[in-house]
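Asks: got a predicted model here, sequence first, then my questions.
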Amino acid sequence: MFFEVGGGVLRAEGSTAALEDGEPYAVRYAIELDERTRTRFVHVWGRSRSGPRAVTLEADGHGCWLVDGRAAPHVDGCLDVDLESSALTNAFPVRRLGLAPGEAADAPAAYVRPLDLGVERLDQRYVRLDGGTGNQRYDYTCPTRSFRCELAYDAAGLVLDYPGIATRAPG
């Protein structure tokens, strides 16, 4: 869910639950983006077998990050956040990049691991595949995780299909 906070700031809130290596987890999040769809603030609350956790990320919009108030140079250069099993967070770079069909771009993200809420760099690449009308399709690769799939978004930039994570129900 997106809603405008004011001055072009967008806020997204949501939750997700899944299994990682057989261990269940749930996360709840609040994310603020600036008018150029760059992540500026993230708060994630998580619960797994090891108990409840929380982490806060702050970004200056130019690639410098704080994690729980401490400098995080290992994710410097990232403009986006990525949350495991969230179809929403990949929509941020798709929207921000505004790629034309056939164009490609790297969009590394500050990745929040679901079980311990640790933060690491996640290299990602998007290649727009469609002909530029209606829905948008992207070849998405994440070499850090040896992952590749085709993502589909509607004209508003909301996910239609993220294989293994989300498929929008018809209607």
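Replies: Received, thanks.
Asks: next, Phe92: phi, psi?
Replies: Phe92 has phi and psi values of phi -60, psi -50 when expressed as degrees, to the nearest 10.
Asks: contacts only, for it.
Replies: By C-beta atoms under 8 Å, 6 or more residues apart in numbering, the contact set of Phe92 is Leu33, Thr37, Thr39, Asp80, Val81. C-beta here means a position set from N, CA and C on the backbone, and glycine is covered the same way.
Asks: from those residues, which shows the smallest pLDDT?
Replies: By pLDDT, Thr37 ranks lowest within the contacts of Phe92, coming in at 90.
Asks: flag the shaky bits of this structure, pLDDT-wise.
Replies: 1-5, 131-133, 171 (pLDDT under 70).
Asks: and the helices in it, which stretches?
Replies: Along the chain, the stretches classed as helices by DSSP state H are 91-97.
Asks: quick one: Ser50 and Pro24, what's the gap?
Replies: From Ser50 across to Pro24, the span is 11 Å (C-beta to C-beta, to the nearest Å).
Asks: same deal with Arg125?
Replies: 30 Å.
Asks: next: Ala71.
Replies: Applying C-beta to C-beta, the value for Ala71 to Pro24 is 33 Å.
Asks: between these two, which has more neighbouring residues?
Replies: For Ala71 versus Pro24, the count of surrounding residues by other C-beta atoms under 10 Å is larger for Pro24: 13 against 10.
Asks: re the thing from before, return the member of the contacts of Phe92 nearest to Arg148.
Replies: Of all these, Arg148 sits closest to Asp80, with 18.3 Å by C-beta to C-beta.
Asks: so what touches stretch 158-171?
Replies: Stretch 158-171 is contacted from outside by 85-88, 90-91, 135, 149-154, using C-beta under 8 Å, 6+ apart.
Asks: tell me the buried residues in it?
Replies: For stretch 158-171, the neighbour count (16 or more other C-beta atoms under 10 Å) marks Val159, Asp161, Tyr162, Ile165, Ala166 as buried.
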